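Q: okay, structure incoming, though there's no sequence with it:
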């Protein structure tokens, strides 16, 4: 994945992650629901950035119209959100099964601590191997004119 794309995706990732933490830690929702809420808001931010900035290259034009891109992006975003929810839940459950209650430095391993790190790892995997590939080659496909 090119570094240029990662840099431009950062605002959406930060919004997504901040919303997840807010709704989980301060509102009291389960982290799976918070991931869905954050994913929707983050997807809106990412579509705007990707459409205008990230996948635009000099001398190249998009193969698909705005409405086609939007529909394709929504499909990718829903798939990514589902993968992030399932991945984070499974990874968190796995880690807690083996480590819950153990001490890590001055912290005791609990779900409230673990889900945040599991989400970061899951998000990285889903972003690199699912979102980026589909957005680059299916949603924002460019052609020269």
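A: In hand now; what should we look at? Quick caveat, the model's predicted, so the values are computed rather than measured.
Q: without its sequence neighbours, what residue ends up closest to the most centrally placed residue in the chain?
A: Nearest to the mean C-alpha position of the chain, by C-alpha atoms, centre = their mean, lies residue 123 at 5.2 Å. Leaving aside its chain neighbours, residue 123 sits nearest to residue 84 (6.0 Å; criterion: C-beta to C-beta, 6 or more residues apart in numbering). C-beta: built from backbone N, CA, C; applies to glycine.
Q: how many residues are close by that neighbour?
A: 26 (other C-beta atoms under 10 Å).
Q: report the contact partners of it.
A: 35, 39, 119, 122, 123, 126 (C-beta atoms under 8 Å, 6 or more residues apart in numbering).
Q: Three-state assignment for it, please.
A: Per DSSP: H, G, I helix; E, B strand; the rest coil, the local secondary structure of residue 84 is helix.
Q: about what we covered before: before we move on, which element is the residue nearest to the centre of the chain in?
A: helix 111-126 (DSSP states H and E).
Q: for residue 110, give me phi and psi.
A: When read as degrees, to the nearest 10, the backbone of residue 110 gives phi -130, psi 170.
Q: the closest residue to it other than its chain neighbours and residue 83: what is the separation?
A: Ranked by C-beta to C-beta, 6+ apart and with sequence neighbours excluded, the top spatial neighbour of residue 110 is residue 100, at 6.9 Å. Distance of residue 100 to residue 83, computed by C-beta to C-beta, to the nearest Å: 24 Å.
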